[in-house]
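Asker: Take a look and give me a structure for this.
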Amino acid sequence: MSQVNWKLLEEDAFNTAVEALLVRHLTTEGLRAQAIDGRGGDGGIDIDVRVEATGQLTQILQLKHFPEGFSGGFVQRRQQIKKSFEQAMTEQPPVWTLVVPRNPTVNERKSVFALRRGRKVIIRIMASAELDGILSEHPAIERHLSRNEAIEVLREVNRPEAALTLAGDLAKEVERLQSRIDGRSQYWGTAFRTEADGTYVETWYAKRSDAVEREPLSFSLSTQFGPEYDDLRREFEDRIKYGGSEELVLPPEVVKELRQEGPEWFARSSTTAEVHLLPVAGHDPQPVRLEVFSPAGVRSAEISGSTTYIDRGYAGGTIETSLAGGLELRWRLAHEVEAGGSVVFSFYPTGVSARDVRRALRFTSSLTPGCEIRMTVGDFSPIRFNLGDEALVEPAPALTELVDDLCELEAHFGVPLNFPPEGGKLSDRLWARVLVRILRGEPTPMPTTESFSATLNGQRSEGVDNLLHKGAAILISNPDWGLELFGELLRVGEVYIYSGTAHADDSAAIAEAFDAGTAADRKLTIRPSQGQPFLIYAPKYLPTDPDTKVLAHPWKLTGVPEHPGLASLSNSAPLASNVTASSREGSPNA
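Answerer: The predicted model follows:
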């Protein structure tokens, strides 16, 4: 077994060792392997193998010193592998081999093999197991790589574990270092760690309750915001005045100086620091209830949820809440009443039932200028404040329409219709409205359907003749019609699709085919005359009063043009003044 632990080699040592090993191993009779100097960019090639006589390329090997692999916190390394692969493919090698110091996981292997994407190239992975096998064939190289003068030196000073060659060595070294750190102060302890990207982090914690008084530690920050950082300056000022949950990063360009002030082991200064203002961890959510009262003292709405973060600054505090229906509110409340406050609305209804979304929208609609809001957090007394005269943003009409339609469908079908991302597609809005029209007994144009097609069996009938020669009414029945909307199959039952005046495309040619006895298997395409729509409705929902005139109803959706032929129907319901119709060409057949 190889005595070389490939994962513990530094990058330069790994590259040097592997290049020496593979160049020796792959240079055989008729083939020559050569390591490529990466200065100026290696073009995705660390070693190439060519036919010595002709120079023909047979293989490219790419070395990646990824001792931790390329999954989890290191998944971004897959982009580096992909970039090197794409660069190497410009050479069109028959074989491309990725060389890494750690055996790949199943998903890592899949990600590498997926790079092929139809290319005529063989992809291989050479990891520690393969490198060990190759090394065993070259004992002279193995003896050279197995020498470790650092281990010998550390062994002489009775600290061989500092070489970190054995399991448990790292723990021993950290324990020794932690012991020394712990002796720096009787008041403060220090926890430290290294992140996956190499970032070093120190955290100081009090050993005694009087640590702040006996050995105070403090930070002072001097900033200088240029004109290009005006937005960041305002965010920073707001953060220190009221607190907040979002991470705020001050780049070195605005950090004039960061000083740590305290005992010698703590004090230092930096003029190149990047400062991250982080939220305090460990917030315990509290129930919250918001009630809205009109200027006359009448309660007009209420909504419940929980706090997601509570913080304070030198001028006031922040309360962040997550409420029913995907509504999130961030309140800025000043210590001084005269200073006022602010509220920021965020709306994330994706995955929330339509009923809860409508509740959230009705709550926001109740927030009119001058109303009073009472916010109760946990068991504390309500916080009361009044909205100013600024007009709040009203929900978009298209959003309200979709929510109302989905609520009606939820109530009828008894299933939750969770709100789609970004309010759904236009076609989703349209079909939701069509379903509502059907359930209300209101025939309406069938979307995206300008014609129906059928295959003739060759049998002539009076109805077909009428259709071919002068047009006819068409009624298509579907006994078990349904529609999938937002993951739920909504089955209506029997529906009719109707046109009062339909005609057939190429009617003369089809009539001649009937006369000649060759109409069988011909395609018959039927479409309403004069550009009128097919109407869809369910007979069981139509009015039962025989004296009630059944009208064809428009969709009436904000931003959605009506069917251009709807107005020409004799039984068309009147269009609203803000509803328009537009020409639609090339609509797909059903």
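
Asker: Can you list the low-confidence ranges for the stretch 301-450 of the chain?
Answerer: By pLDDT under 70, the low-scoring segments of the stretch 301-450 of the chain are 390-393, 423.

Asker: let's go with 80 and repeat that
Answerer: Across the stretch 301-450 of the chain, the ranges flagged by pLDDT under 80 are 337-340, 388-395, 421-424.

Asker: What segments of it are helices?
Answerer: Listed in chain order, the helices of the stretch 301-450 of the chain (DSSP state H, counting those that start in this stretch) span 354-365, 397-413, 426-439.

Asker: could I have the second one exported to PDB, CA atoms only?
Answerer: Output of helix 397-413 as PDB, limited to C-alpha atoms (Å, rounded to 0.1, in the frame of the first residue of the first chain):
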ATOM      1  CA  PRO A 397     -56.100  44.000 -10.100                       C
ATOM      2  CA  ALA A 398     -54.800  40.900 -11.900                       C
ATOM      3  CA  LEU A 399     -53.700  39.500  -8.600                       C
ATOM      4  CA  THR A 400     -57.000  40.100  -6.900                       C
ATOM      5  CA  GLU A 401     -58.900  38.600  -9.800                       C
ATOM      6  CA  LEU A 402     -56.800  35.400  -9.700                       C
ATOM      7  CA  VAL A 403     -57.100  35.100  -5.900                       C
ATOM      8  CA  ASP A 404     -60.900  35.500  -6.000                       C
ATOM      9  CA  ASP A 405     -61.300  32.900  -8.800                       C
ATOM     10  CA  LEU A 406     -59.100  30.400  -7.000                       C
ATOM     11  CA  CYS A 407     -61.100  30.900  -3.800                       C
ATOM     12  CA  GLU A 408     -64.300  30.200  -5.600                       C
ATOM     13  CA  LEU A 409     -62.700  27.000  -7.100                       C
ATOM     14  CA  GLU A 410     -61.400  25.900  -3.700                       C
ATOM     15  CA  ALA A 411     -64.900  26.300  -2.200                       C
ATOM     16  CA  HIS A 412     -66.500  24.300  -5.000                       C
ATOM     17  CA  PHE A 413     -64.000  21.500  -5.400                       C
END
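
Asker: Please enumerate residues in contact with it?
Answerer: Outside helix 397-413, the residues within contact range by CB atoms under 8 Å, 6 or more residues apart in numbering are 353-355, 357-358, 361, 416-417, 419, 423-424, 428-429, 432-433, 435-436, 439, 485-486, 488, 490, 557-559. C-beta: built from backbone N, CA, C; applies to glycine.

Asker: Wait, residue 57 touches residue 96, no?
Answerer: No: in this structure residue 57 lies outside contact range of residue 96 using CB atoms under 8 Å: 10.6 Å.

Asker: Those two: which is more packed in?
Answerer: Neighbours per residue (other CB atoms under 10 Å) separate residue 57 from residue 96, with residue 96 holding more: 24 against 16.

Asker: returning to what we had before: of the contacts of helix 397-413, grab the buried ones for PyMOL.
Answerer: Selecting only the buried entries of the contacts of helix 397-413 in PyMOL, with 16 or more other CB atoms under 10 Å as the criterion:
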select buried, resi 353+354+355+357+358+361+416+417+419+423+424+428+429+432+433+435+436+439+485+486+488+490+557
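
Asker: In contact with residue 572, which residues?
Answerer: Residues near residue 572 by CB under 8 Å, 6+ apart: 551-552, 554, 566.

Asker: do the same with residue 47
Answerer: Neighbouring residues of residue 47 by CB under 8 Å, 6+ apart: 19, 22-23, 26, 33-36, 60-61, 63.

Asker: Please apply the same query to residue 80.
Answerer: Residue 80 neighbours (CB under 8 Å, 6+ apart): residue 64.

Asker: That one belongs to a helix?
Answerer: Yes: counting by DSSP: H, G, I helix; E, B strand; the rest coil, residue 80 falls inside a helix.
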